[in-house]
Structure formats: structure tokens, C-alpha cells
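Trainee: how does the following fold in three dimensions:
(chains A and B)
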Amino acid sequence: MHDDDRVPRWRSSPPAVVAVLVAHRGSRWLGQTLESLERLTHRPDLLVLVHDDSDPATRELLLGHAGATRVVTTRPRQGFGAQVAAALESETEPYDWIWLLHDDQICAPDALAALLDEATEHADVGIVGPKVREWPSLRRLLEVGVTVTGTGQRETMLESGEPDAGQHDRPRDVLAVGSAGMLVRRDVWERLGGMDPRLPLFFDDIDLGWRANRAGYRVRTAPEAVVFHAEASRNRRRVRRKGVRETAGERRAAALHTMLANCDRRQFVPWTIRLFLGSLLRLMGFLLGKDLRSARGELMAMIAVFANPRRMIAARSWRRPSVRRSNRQIRDLFAPFWMPYQHGLDVAAQAFEAVVRPEQVESMGLRSIGVGEEDEVEPVVVEQPPWWRRWPWFTCVLVMLVASFAAARSLVGAGLVSPVLPASPDSVTAWWGLILDRSHAVGLGSADLAPAFVIPLAVVGTPLWFAPSVIVWTLTVLAVPLAALTAHRFGRLVSDDRGARMTWAVSYGLLVAVTGAVATGRVGTVIALVVAPLFANVLLRLVLEPDWSRALQAGVWIAVVAAFAPVAWWLAMAAVAVSAVLVRSAARHVAVTAGVGTILLGPWLLDRVWSTKVWWEAGNPVDAPAAAWDVVTGSGGVAAAPWWMVLPVLVLAIAALVPEATRRSVTAAWLVALVGLAVGLLASVSTFVPYPGAPDVRAWSGLGSGLWLGGLLTASLFAWPMLRTRRYRRWRRPAIVLLAAFPVLAGGWWVVRGIDQPLENGEGRVVPAYLAARPGTTVVLTGDSEAGIVADAVVGAGPFLGAESLRTTRDREERLDAAIVSLLTTPTRQDVDELARLGVDHLYAPDVDLDLARRVDAASGLAQRGSDSPDSRVWAVESSETAEPAPRAGALRPWLAGGWALAWVVAVVAALPVRRRPEDGTEPEEEVR
Amino acid sequence: MSPRAPLRLALPLIAVVMTTAVWFVPEPDPPVVDGGRGAVEVRRTVWACPVESGWVVAAGQVVPGEAARARVVPSDAAVDPLWEQADRWRVARPGGDALVLEQSGPGSGSVGWVAGARRGAAVLGACPSIVDDAWFVGLNAQNRTDGSITLINTGENRAVADLTWWGEQGPIESLDTTGLVVEPGGARTVAVSSVAAGEGAVAVRVSRRRGALAAIASDAGGTAAELVAPTAGAATEQVLVGLPPGDRTQLALVNPGTSTAHVAVEVRGRSGTFAAEGLADVTVEPEASTIVSVPGSVAVDRGSLVVGSDVPVVASAIVESGSDVARVVPADEISGPALVPARLDGRPVRLALSTGDDAVTVTVETFAADMTSLETAEVTVAAGATVVAPRPKSDDAAYLVLTPRGGTVGAGVWQSGGGLAAAPVRGAPVTVVAPGVSVR
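Mentor: Numbers count the residues shown, from 1 in each chain, chains lettered A, B, ... in the order given. As a prediction, this is how the structure comes out:
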């Protein structure tokens, strides 16, 4: 005889089972629930119906049920466990097993029989739970046993909406089973004291199962026993306790309570710390996500659990007598350690999607339990093409990612530097220090306010704490796919031709490389070109459907871009002004955009945006000569592509002006392009003085070039649909060739050339290693006696990204200037003493002019030290003078700067496209009716 | 073409117009440090003189200095407080091996002179300041075998110099004089014979590697002695101004290059320039020194020699008179004030001025020791001529300040009678060209 055909022994002498059905405003489901009990192949010996008399309809249904042994009315405001306990107290007949039932569940006919099959299989089984499927879908699995993660999350180990195909039909030991359909041995129930009265609704089942396990009993699943559960309370489809005010954070408090009450003694302190910190993190997350309700719940849960040690002591004391096993002995029953992180990733992915594709996201919260209506349809399996054909854009992005890594083959490490791009700091602390400190150890000491772009860098870099260079690495190495992604997103808004849109997006993405912005390390231009399509997207949606959240988003994008590339502020304001004029109805929203984009820049506005230094992007001010033709062809940069590569773009853009049907949109794109060209051309003839006395620096025209070419590409995209018309169909092939030519040529050039030179891996050290390793100030002398000498005071290894624009006081600059001039002409001991007073302890000339070196060498108090190359010199300043205190800002500085940073965070949080959870909407009462 | 065609082309045309317009805008210049090179006042001067027993050192300045500090080498020697008087012409016999004077004050222009006698032979020299490259030519020529190079550390750090040698047969290898260290507060003398005995006329290049170092040479032997001032470097034209009257004149040359130098010598006399007979084509082998005699028929007394060459060379004149010798080295082109003693060690100092293509008027102002102006004379130097400045009339004259107007002049001084001595006149260090400096 086969095992499966074996008749369980209990059938010959069935154990007595008392079923306890707890009802509470369950009239919507109760009728079917009771009917399902009637259909059971093996019925319970006793059926006790319990209710709290909260609903006449429920009461009538219970009293009218003929099969009930007894109907018990309990006091209101009691939890599930207490109601079960009340029912059992009233029971006088003997029984062996207790079967717990909810009023919103129906049981498969053989549910109880299957439970008893499993329950009687082994003597040490204390609790058995059924396979729980969703009601009314009946197919989706809700639970086949439950457990808990280290962070206190209830975990079913099932995918959301996972259909039941028998994949979990093997009975197994679990930490706990849900109370809907739970079969508990009477002696186990009594020994454990039933459910914890401190857990009236949530986590009572997990707690009971956990305690049973620790008491030495096994908790099993019986997948052959199937119940269908509506989870009315969890899904808020009924008011739980009429007249009882819901306690905020009750579910989370129950989780924390369960975790701490059931942990081993040795685990108590570390678990408390972990859960407390985790709760704090969740609280921050809810606040950032503008989910104030959840934040309040989290806070209340923390107060309820962590501020109430007596309650916890009592809970642990109550459990202690029954404990036979440690959690270590049942560790296999807990969720894997990585499960909380998977949930975190899910949340992060949803949050990210909400930011980049807000229109696609219905809610932003934990994984939704509900299932869409469309999922009710039986899936039809059809043969599909391979994934790379099904998702061509995804494939395209993957190819671009691979190409990006190939182009960055020479830049293996994360530390990228170039003459323009200073090294990233070792930790984000340095960026926060720039924002909040009153005095900066930069150059001769500075009390300047941090550049505006340091705030987004610090905020974004905080999760990366010790690897902020990853931000710059990502922006440079992945610049092309990033720009292509944002462009494609905008393209979806303006074009329905997938092939043309993808080609256009790739072409646009390549512009960041073609202009030389990537290889020169001009992150300002990279960010501006990456964000430009996002900004266009938001602005377009804003004028079409004015919305305060979008207005804030557009403002934040303006501020972000202008912080890195100040000239972009003027371009954005022009776009905003035109939008306000053209669409009057959106004028107020657009005004908010302009306001946010301006206010967030703070002092940066005067220092950089509204000054002659508007061309100075984030990084060092490096001379960038470019002729007019270089701007037109985007070939002005040091590492720009050959001019002839953009000829197809120019030809296509001019041809795009021909069709009349699309001329309006093409003209708009051309106007954007012309504005970009004007900016590029203006930059090509402009210079700026980064600081008093410094050489004039020729402005970088790459941003203008990028916008010009981007506009031309967009003009082509707008006109592309015309190629489907009969009139222009004959031009389709030449047009396709021209459209594909640029991405093919530019992409090939990008990968073959790579993105190094002048970009390189390194620490950005401007002084020899032994000078960089100490905290002192070194004056680096570069240039020669003909072109002039630049004396650059650096601390340690040199300035990091964000610190390059900080200045010391005018007085200290003038004193250093005088001392250096004197040292280079008629050096005196006083010059050396002056250097010492300014805090300078070394001079370094990396490529020394011999004549100047000899002059410096003659100074008393300057001792030559070992250098890093034959052409360089290092002199140590030997003086008895002590360094004067560095400049220090007023005591209000940290508060003002902190407020500035906070304004950024608030604006970003306010701009996040977060929507309320579905359960936050309609009142449950209404839905019940 | 449809009637709308021009409208279609309007946008590209705008782009073309914008580009073309910018095409004609001059491109910005490459970055240059604001201000560029410029003259700045010298705030501190340091010079050093070798001293022997009985030698006289004179110190003066164009304008009073703020402070002066003297140091005698070796450092345990007593220092005369006179040297601290930065507002007067002071003369003293400092003793020791060398005197280092550091004077501060904007545009003070401190200079020093030294004069004396060694074994009865007169010596005269301008005290050199810190040198980068110093060339000395014609040492140990004509059996004068006591020549030496004196290096004086004028700073507080250890100074290091490399000495490179050339003889008449070519370069002279000397490992001992490479990386020569002079301790702070010290001086070091290198005898030429210790490196280049029997090499004939020796040329030496002193290259300062680190630290602050002054260098001066001595050409001595028998009863003859003279200080040889450093020459900054080789050049294709050098003017040896102020040849004292002597019995015989020779020209010492060194060609440090790797190709043969063809040298032509001219004489600048009182009335103009003329070719030196027999010196129209003097060949100097590469990396070698040589001595050529100026024919007696060539009148060079109180005149100047113009040494032209196709490749850079260094020249120096040797004027012998009786048992003494005077050395004349290339003069600087003086454009600003220069300071010359009126008398030194009891003997008058004669001043010769020479100019090139343009006539230059030189204002010669005579000062007393307390820096009081006594008299002013205008000396006109005709183009291509050498003139001897008139002696000051006042008995109180301590020093002269020369100020050329309308050009530059070369100048040299000599003493004669009781020994022959000569020295070049350097411009007083009042201003210096400084590179533009930008601080960030």
C-alpha cells in the first residue's frame, strides 16, 4: 500500500475538536463562512461562535446558525485572543484540539481533516496551520506558514500575488501559522496561556507560534488544508472596533513587542539597539517620503515599546516558564538575514521609479498586497520573441552600459581627476564640513560659504559616506547612458516612433562625450545635459497640467543644474519666462518654479550666477579656447569629437524644417538650439577672472554646443513622423542613414577613444606624497617668470571638489602675494616669517623655473627638501613665527548654512511625486456599506 | 522653390549669421597672470667681499636703508658697529676672511667695494651679491699660479655649488668641486692649482645649486694679484670697459660650447670704435679656453674692448703693468643708478664709461660720506666711444652715483699708481624685474 493511500489513524478514533469562530462586523462574509463549515467532510465536534455584539447583522447571522453549539457574547474592545479565551472558558465539553476561525474566511471541505492528518502525524506537533489563499480570488496564496525578519517584518516567504500551483504543498515546520484556520492542541494552548493579551490583533499568531516553538512543540503547515481568507481587518475593509480609537503604530508596536518579548536573554540588548535604530531609520524614511501618518505610527510604536520597560519585563516574565528551546535552536524557522534588505530594495526601487517615472506609480509604499483586476484573468502563455527584442530600449541601455565600461577601460578605480575636476574627498564629512563649518582648512584658511553644488553632493553622497567619489565616477563613466535615459524619457512624451526615439535618445546621450565634457571632467555640463530632458519633461507637463509638485520639481532641477553650471540658470529662466507667457494658466506655477530655482541657490546666486563668473562651472577654472566653428560642431573641447561627425545632425535638422505639418514643433526645437548656439558662441568669446589677480580664463562653450546639437536632434525627432506620409516616404531611407550615422560614428569614436585623457585615475594630489600626508599648508608655485607665477596655497593633498572655489580673506591673499613676490625677487627672512604667520610650512614648485628657484633658494629660512622629480623643488619654511588663526565665520554660519541645506532637502522632499496609499483614502465604513 | 522657402531657411540663416559674427570677434588671449612682469623695489640686498688683512671695504647705498647687519667670516670675528649705519658711506677694515653685509630698505641699492694690497700688488673689486652662475676666465695664466675661487655663504642655510673647469686643452674633470658645500656663516676657497695645475689659462663656472652664495675669484701669482669679478654667462657680445693703462694687455676667452668660436675684437676709444689689429678673427676651440695678446699697436688704455663672437663665449682682459696685474671683466649694461667710490684705500678711483650705438648722457653726482650731495656733472658718452669721467672736485667726495639718461652704459673703474687694479661697475640693486604673481 502506498503511503499516500494510507488512512490516518485518527480516523478510527477522531479527536474532539472545538471550533471557535470569532466574528466582528463580519456580516458581509459570515454567511459564506458558516456555509463552508457545513460542507466540511469532517466537522468539528463543537462550534462556538463568539462576537462582541458590535453589529446586529452579525449577531443575527450567528444566532440563526443552526450548527452552532453555542453563541458567546464577549465584552467589546477585546482582541482576538481574548475572545477565543472567553469562548473556551464557556466550553464544558471535553475537547482535544481548538480550531480557530475568522468570520471572513471560508474553508475547503477537507480543511479540518487535512489539518488533523498533519496534527496527528507526530506527537510533538502543537499547532498546525492551513494553506491560506486569497478570498475572493481563491487562487492567490496568502500564507503557508509565517515567520518574522530581523527587523520585525511579518514574512510569508511568498511573492506578492503568487498563485497557488502546488509549489508549497509539502508540510513543513514553521515559526508560526496565521490564526485563520489555526489548529491548536488544547494542552499546548493551555500551557502557553493562549494568545498574548498584549497583542490584541497583530502578531498574536506569530507570537503564539514562536512561543510554541520555544516551548519545544512543532508548528506545522498542512498545505492539504485550504482556507480562503478575505483579511478584512488587515485590508481595512471593516472597522475593527466600533467606537474605539485606532492606536497609531499598533501593528509596528506589536511587531517590536513580539520581537523583544521572544528573543533570548543574550539577544535582548543587541536586538533592542537594532530595532531602535531600525525604527529611527524607518521614521526618517517616512518623513522623507512625506508619509506623516506612518511616521507618526512609527514614533508611537517606539514610544509604546521602548519607553515602557515594565510592560516588556512582564511580557518576558510571562513567557519564561514555558521556554525549552533557544532561538538559536530554531534559527532555521526565521526569515533569511537578507530578507529585510530585499524589502528595502523594493522600497528604494519604488521610490526611484516614483521620482523618475511618477506617472507610472500609483502608490509609494511597501509592496502592495492587493491584486489588480487584470490579474484575475487566467494568464495565457504565448510564445514570445527573446527578451532583447521584447525590450529594445532596455537592451539598448545595456549596450550603452557595456560601451560605457569599455570607454572607461583606463579608469578602473573610483577616484577620477582632471585639470578641471578636483579629486573627491575621502568621506562625505568633508562636504558637510564645507557646508556647516565656520572655518575651512583650504588654502590659507577660508570662512567662505560652500558652493551651492556641495549641498546636493553631500546629500546624495551621505549614503555612500566613505566613497563619495562614486558620485563623480557615476556621473562621468555613465554619463552617456544617463543622458540617453533622461532623453528617452522625454522622447516618450513627444514621439511615438520607438525606433526614432531610441536613436535620438542615444544620440543625445552621446553629446556629453562628443563635446568633451566627460573626458575633461566637466561635471557641470554633464549634469546640465543629463538633467535638461528631465527639466523639459517636467516643464512641459507643468504647463499642460499645472501642479504644485511639478512646479517644485522643475524648480529643484533648475537649482541643481545652476549649482553645477551657473549659466544654466539664465537658460532655465528664459524657458520659464517663455512658458509663463505662452501658457498664462500655468503662470503661477511657473513663477513658483522660478522662485524655487532661484532661492535654493542662496548666496551662490550673487557669487556665481549673477556675476562675471557665470561661466565657471563646478571644478577648477581651466582655460577652454574655442572658435566659432568649434561651437557649431561641438568640437571645441580638449577631448571633443572630430567636427565632421555632427554633419548628419546638421543636415537632418535643416531638412526637418521642410515638412509643414511638423514645422511648429521643429521650429521650437530650432529655437532651443539657437539659444544653445548663442550661449556657446558667447562663451567662446568670453573670459572671466575666477579671483582677483588670477589670469583671465576663456569660458567653456561645451554646454552651449551640447544644447545646440540637442536642439537640432530634437528638431529631427519632431519631423520624423512625416517620413510615414506618402509625400516624404521616398526620403525615409536617406533619413534613416543620416539619423543612424551620428550615433554610430560618435558611439564608435567614444568607445575607441575612451573617456580618459585628461581624465585619469588618481588622488588629485598636487604636492609630493609626503607633503600630502600631513595637514600643513603648502604653497604650490607654477608658471614661469614670463607668463607669471601662480601661487596656490593647498592643505594636505590639495583641494577636493567643492573646495576649489573657496577663498581666504583679501588681506591674507595680499600678504601672501607680497611675500611670494618678494621671495621671487629679493627674498628676505621677513618673507619667510610672513609665510609662517600665514600658516604656510612648505613651498613646492612642480616644474620650477631655474632662475626663480635660485631666487627662492637664497632666502634665509627656506631649507630645500627632497622633491618628487628633478624638475621640482620643495622648500621647508623654518621660522619661529607661529601661524595666525585662520579666518572664521560668525557663530550664525552653521545655522544659516544648515538652514540652506535644509531648504534643499525640504524642497526635494516636497517635490517628490509621492501619492497617498490607497488605504489612506476612503473611510472603511463607506466601503462596507 | 516655394514662396515659404526663405522662412524655412530663416533659422539656419540666423545660426550662420551668429556664427559668422562671432568669427570676426577676436579670440580672447591665452591666460596671463594679471600685471605680468614688472619692476619692484628691492627691499633687501646682500653682498659679500673676500677680505685679507689690511684690506678696506666700503659700503654705500643710493638711498638710506632701514637697517644693516654685517657678519664677518669666520663668525667669531668682531663686527664693527659702523656697518650698521645704513644711511652713510662707511669705510673700514673689517678683518677676517670675508665680510657679509645685509641691508634692508626699499630701493636702498646697497653696494660694497673692496680694495687693498696683497704682497704689494693692488687689488680692487666690487663685492658680489648672490650669484646663480658665475664665470671666471683666465685664471692662473702667465705663471700666476695662486689663483683661487672664494665662495661665501650669505644665508642661513647650507649652500651647495658645482664648479666646472676648462683649460686650454679642453674640459677639466674634477669630482671634488661638484656639490661643494659651504656651511652657513662660512666661506670656502678653492685653489685653482688644486684642480687645474698646468692647464694654462683656466676658466671656471660656479653654478649655485642651493642656498645663498657669493663667488669671487682671485688671479694671483708672484707679486701680482687681482680680484676677478664674476661674469653672469657666455654671450656673443661682451664689452670690457675701463682698461687701465698698462704695459701689456691680453684677452682670456673660454668657449663652453661644442662648436668653434670665431671672435672679433674691437676697441672703443675716446673718439669711437675701431677694429683691433690682428684680433679680427680669433679662434677659440670648443670647450676650451685660450689667451690672446692684444698687440701693442692697439691703443686700449682707458678704453674698452668689444668682444664679438659667433657663438657665446666669456671674455676677460688681463692688463699687466710692472709686477702687478689688473683684470677687466664684461660690464653690465647700466640703466639705473650705479655707485662708485671716489677714493678707496687712499687712492683715487678712475671711472670709464662706454656706450654702444647711441650717445648717452650720464649724470655723475658726487656725495660725501654722510650722503650729502656735493656736486653733479654731466658726462656725455658719444656713440661707440669710451670716456673717462672727470675726478670729483671736492675733497670730501666719498662716492659717485651714475645715472644714465637716454640709454645704457657700461662702466669700469681702475686704480693705478702703487699697483694696478680694476673692477667692473654693476648697477645698484634698486629695482628688480619680478614675475606677475597670482595667489589663490
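
Trainee: buried stuff in the lengthiest helix in chain B?
Mentor: Ordering each helix of chain B by length in residues (DSSP state H) puts helix B:5-23 first. Judged by neighbour count (16 or more other CB atoms under 10 Å in any protein chain shown), helix B:5-23 contains these buried residues: B:R8, B:L11, B:P12, B:A15, B:M18, B:T19, B:V22. Using the backbone N, CA and C atoms, a C-beta is placed for each residue, glycine as well.

Trainee: what's the burial count for the residue of chain A found nearest chain B?
Mentor: Chain A approaches chain B most closely through A:G788 (2.5 Å), counting by CB to the nearest CB. Residues near A:G788, counting by other CB atoms under 10 Å in any protein chain shown, number 23.

Trainee: average pLDDT for stretch B:207-218, rounded please.
Mentor: Summarised as a single mean, pLDDT over stretch B:207-218 is 90.

Trainee: check the separation of the first and last residues in that stretch.
Mentor: 17 Å (CA to CA, to the nearest Å).

Trainee: and it with chain A, contact?
Mentor: Yes: when contact is scored as CB under 8 Å from any CB of the partner chain, part of stretch B:207-218 falls within range of chain A: B:R208, B:R210, B:G211, B:A212.

Trainee: neighbouring contacts of stretch A:425-435?
Mentor: Judged by CB atoms under 8 Å, 6 or more residues apart in numbering or on different chains, the contacts made with stretch A:425-435 from elsewhere in the structure are A:440, A:450-451, A:454-455, A:457-458, A:461-462, A:464-466, A:468, A:800-803, A:806, A:897-898, A:900-901.

Trainee: mind checking which of those residues are buried?
Mentor: Buried among those by 16+ other CB under 10 Å: A:440, A:450-451, A:454-455, A:457-458, A:461, A:464, A:468, A:800-803, A:806, A:897, A:900-901.

Trainee: which of those residues fall within helices?
Mentor: A:V454, A:I455, A:L457, A:A458, A:G461, A:A897, A:W900, A:A901.

Trainee: the first one: what's it in contact with?
Mentor: Read it as A:V454. Taking CB under 8 Å, 6+ apart, we find A:V454 in contact with A:W431, A:L434, A:I435, A:G802.

Trainee: which among the residues you listed gets closest to A:K290?
Mentor: In terms of CB to CB, no member of these lies closer to A:K290 than A:I435, at 23.6 Å.

Trainee: need the three-state assignment for that closest one.
Mentor: Under DSSP: H, G, I helix; E, B strand; the rest coil, A:I435 falls in the helix class.

Trainee: neighbours around it, how many?
Mentor: As a burial measure, A:I435 scores 22 neighbours (other CB under 10 Å).

Trainee: make JSON lines from the ones in helices among the buried ones among the contacts of stretch A:425-435 and add pLDDT to it.
Mentor: Below are these laid out as JSON lines (pLDDT from 0 to 100):
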{"residue": "A:V454", "pLDDT": "95"}
{"residue": "A:I455", "pLDDT": "94"}
{"residue": "A:L457", "pLDDT": "94"}
{"residue": "A:A458", "pLDDT": "94"}
{"residue": "A:G461", "pLDDT": "91"}
{"residue": "A:A897", "pLDDT": "93"}
{"residue": "A:W900", "pLDDT": "94"}
{"residue": "A:A901", "pLDDT": "93"}
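
Trainee: and the residue nearest to A:D204 when sequence neighbours are not counted, what does it touch?
Mentor: With CB to CB, 6 or more residues apart in numbering or on different chains as the measure, A:M195 is the residue that lies nearest to A:D204, at 4.5 Å, once sequence neighbours are left out. Taking CB under 8 Å, 6+ apart, we find A:M195 in contact with A:G79, A:F80, A:G81, A:A82, A:V84, A:A85, A:S179, A:D204, A:D205, A:D207, A:L208.

Trainee: what about those, which are in helices?
Mentor: The helices in this structure, assigned by DSSP H, contain A:F80, A:G81, A:A82, A:V84, A:A85, A:D204, A:D205, A:D207, A:L208 from those.

Trainee: any idea how far the closest residue to the fifth one other than its chain neighbours is from A:L712?
Mentor: I take that to be A:A85. In space, not counting the residues next to it along the chain, A:A85 is nearest to A:G194; the distance is 5.0 Å by CB to CB, 6+ apart. Distance of A:G194 to A:L712, given as CB to CB, to the nearest Å: 75 Å.

Trainee: ok, these two, which is more surrounded?
Mentor: In this view A:G194 and A:L712 are compared by other CB under 10 Å, and A:L712 has more residues nearby, 29 against 17.

Trainee: put the alpha carbons of whichever strand or helix holds the more buried one into CSV.
Mentor: Under the criterion DSSP states H and E, the helix or strand holding A:L712 is helix A:702-719. Only the C-alpha atoms of helix A:702-719 are listed here, as CSV (Å, rounded to 0.1, in the frame of the first residue of the first chain):
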residue,chain,number,x,y,z
GLY,A,702,30.7,72.9,-24.4
LEU,A,703,27.3,73.4,-22.6
GLY,A,704,26.1,75.7,-25.3
SER,A,705,27.3,73.3,-28.0
GLY,A,706,25.6,70.4,-26.3
LEU,A,707,22.2,72.3,-26.2
TRP,A,708,22.6,73.4,-29.8
LEU,A,709,23.2,69.9,-31.0
GLY,A,710,20.5,68.5,-28.7
GLY,A,711,18.0,71.0,-30.1
LEU,A,712,18.9,70.0,-33.7
LEU,A,713,18.5,66.4,-32.8
THR,A,714,15.1,67.1,-31.3
ALA,A,715,14.0,69.0,-34.4
SER,A,716,14.8,65.9,-36.4
LEU,A,717,12.8,63.8,-34.0
PHE,A,718,9.8,66.1,-34.3
ALA,A,719,9.8,65.9,-38.1
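
Trainee: past that helix, which element shows up next along the chain?
Mentor: Note on helix A:702-719: by DSSP H and E, the next helix or strand toward the C-terminus is helix A:732-753.

Trainee: tilt between that next one and helix A:702-719?
Mentor: Between the direction of helix A:732-753 and that of helix A:702-719, the angle (axes from the mean of the first three to the mean of the last three CA atoms, to 10 degrees) works out to 150 degrees.

Trainee: which of the residues in helix A:732-753 are buried?
Mentor: A:735, A:738-739, A:741-747, A:749-751.

Trainee: same check on stretch A:861-869?
Mentor: In terms of neighbour count (16+ other CB under 10 Å), stretch A:861-869 has its buried residues at A:G861, A:L862, A:A863, A:Q864, A:S867.

Trainee: what does it contact?
Mentor: Applying CB under 8 Å, 6+ apart, the contact partners of stretch A:861-869 are A:768-769, A:823, A:827, A:829, A:832-833, A:842-844, A:846, A:856-857, A:873-879, B:156-157, B:210-211.
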